[in-house]
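Asker: Requesting a structural model of the entry that follows:
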Amino acid sequence: QVQLVESGGGLVQAGGSLRLSCASSERTLSSYTMGWFRQGPGKEREFVAAISSGGNTAYTDSVKGRFTISRDNAKRTVYLQMNSLKPEDTALYYCAVRTGNNYYSISSYAYWGQGTQVTVSS
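Answerer: Numbers count the residues shown, from 1 in each chain. This is a model prediction of the structure:
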């Protein structure tokens, strides 16, 4: 059973930064695209960013230029560097493994972590 563990969330003021980490238990995940999603209060879970095994990245428009996704396969860890945070970035952030065809669709991802809370105060 694949396990993903997110960490690095917290409370930060608007304009601040956080780096989220997603550690995996499986070495073979280096061959998969990994994604970050978030779910804000009263909202549906949404795509944030993804990184392929080869390092290609994709972002939702609202975080482009502020967030950076990266991965360290030797450490079996995916990161999400979040800069210039805004109150609307407040959400529970999840990482997941892409097993389907669509970078941006929740249904293409499996093996979700438990999430890490990010709260941005104004």
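Asker: got the end-to-end distance for stretch 5-17?
Answerer: Taking CA to CA, to the nearest Å, the first and last residues of stretch 5-17 lie 20 Å apart.
Asker: now stretch 10-29
Answerer: OK, stretch 10-29 end separation, CA to CA: 26 Å.
Asker: now do stretch 55-67
Answerer: Using CA to CA, the end-to-end distance of stretch 55-67 comes to 15 Å.
Asker: Identify all contacting residues around that stretch.
Answerer: Taking CB atoms under 8 Å, 6 or more residues apart in numbering as the criterion, the residues outside stretch 55-67 that touch it are 46-51, 68-69, 71, 80-85, 88-89, 103-104. For the C-beta atoms, the positions are set from N, CA and C on the backbone; glycine is no exception.
Asker: Return the members of the residues you listed classed as buried.
Answerer: In terms of neighbour count (16 or more other CB atoms under 10 Å), the buried residues within these are 47-51, 68-69, 71, 80, 82, 85, 89, 103.
Asker: Can you pick out the ones from these that are in strands?
Answerer: Among the buried ones among the contacts of stretch 55-67, the members falling in strands (DSSP state E) are 47-51, 68-69, 71, 80, 82.
Asker: Which stretches in this structure count as strands?
Answerer: Remark: strands assigned in the chain by DSSP E are 4-7, 10-13, 18-24, 34-39, 46-51, 57-59, 67-72, 77-82, 91-98, 109-110, 116-121.
Asker: For Lys43, which non-adjacent residue is spatially closest?
Answerer: With CB to CB, 6 or more residues apart in numbering as the criterion, Lys43 has its nearest non-adjacent residue at 7.5 Å, and that residue is Ala91.
Asker: Tell me which residues touch the one you found, please.
Answerer: Under the criterion of CB under 8 Å, 6+ apart, the neighbours of Ala91 are 38-41, 43, 117-118.
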